[in-house]
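[1] Sequence first, predicted coordinates after that:
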Amino acid sequence: MSTQNSFKQITKDRVKEPKKYNVVMFNDDFTTMDFVVDILMDVFNKNKDDAEVLMMTVHKSGKAVVGEYPYDIALTKVNKASEMARKEGYPFRMTVEEAV
C-alpha cells in the first residue's frame, strides 16, 4: 500500500474594491439651471428634488461633487454630459477626481 501525501491548497481570493472617483460639476454663467437639472436626472439618475439641490449647490458654491463612481463609469458619465452640453452650445465643465 502506498502512502500518498495529500495537500490541500488554500487560496484566499482577495477582492479589492475599485477606487472611487468623484464627478465634479462646475458653475458657469451660460449653462441654464434647467439644463443642469436635466443632466443630473438623465445622466446621474438623480430625482428632481436631489437634482435641484445639487444644481443650487453648484450655482452658489461654484462647484459640487455630483456622484462617486469607479473611474470608467465616472468618465463615461462626464463624456455623456459634456456631449449633451456641446450639442446645446453650453460651455458646461465637469471633471473626474480621485475620491479621498
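    Thanks, I have the structure now.
[2] quick one: low-confidence ranges for this structure?
    Scanning the chain for pLDDT under 70 picks out 1-11.
[3] Walking through it, point out its strands one by one.
    For the chain, the strands defined by DSSP state E cover 20-26, 63-70, 93-98.
[4] Check those for me and report the most buried one.
    strand 20-26 (a mean of 19; mean count of other CB atoms under 10 Å). C-beta coordinates here come from the backbone N, C-alpha and C atoms, glycine included.
[5] Give me the contact list for that one.
    Defining contact as CB atoms under 8 Å, 6 or more residues apart in numbering, one finds that strand 20-26 is touched by 36, 44, 54, 58, 62-71, 74, 77-78, 93-99.
[6] report the angle between the axes of it and strand 93-98?
    160 degrees (axes from the mean of the first three to the mean of the last three CA atoms, to 10 degrees).
[7] ok, strand 20-26: who's next to it in the sheet?
    If you go by DSSP bridges, strand 20-26 pairs up with strand 63-70 (antiparallel), strand 93-98 (antiparallel).
[8] for stretch 81-88, which positions count as buried?
    81-82, 84-85 (16 or more other CB atoms under 10 Å).
[9] The protein: helices as residue ranges?
    33-42, 48-61, 71-88 (DSSP state H).
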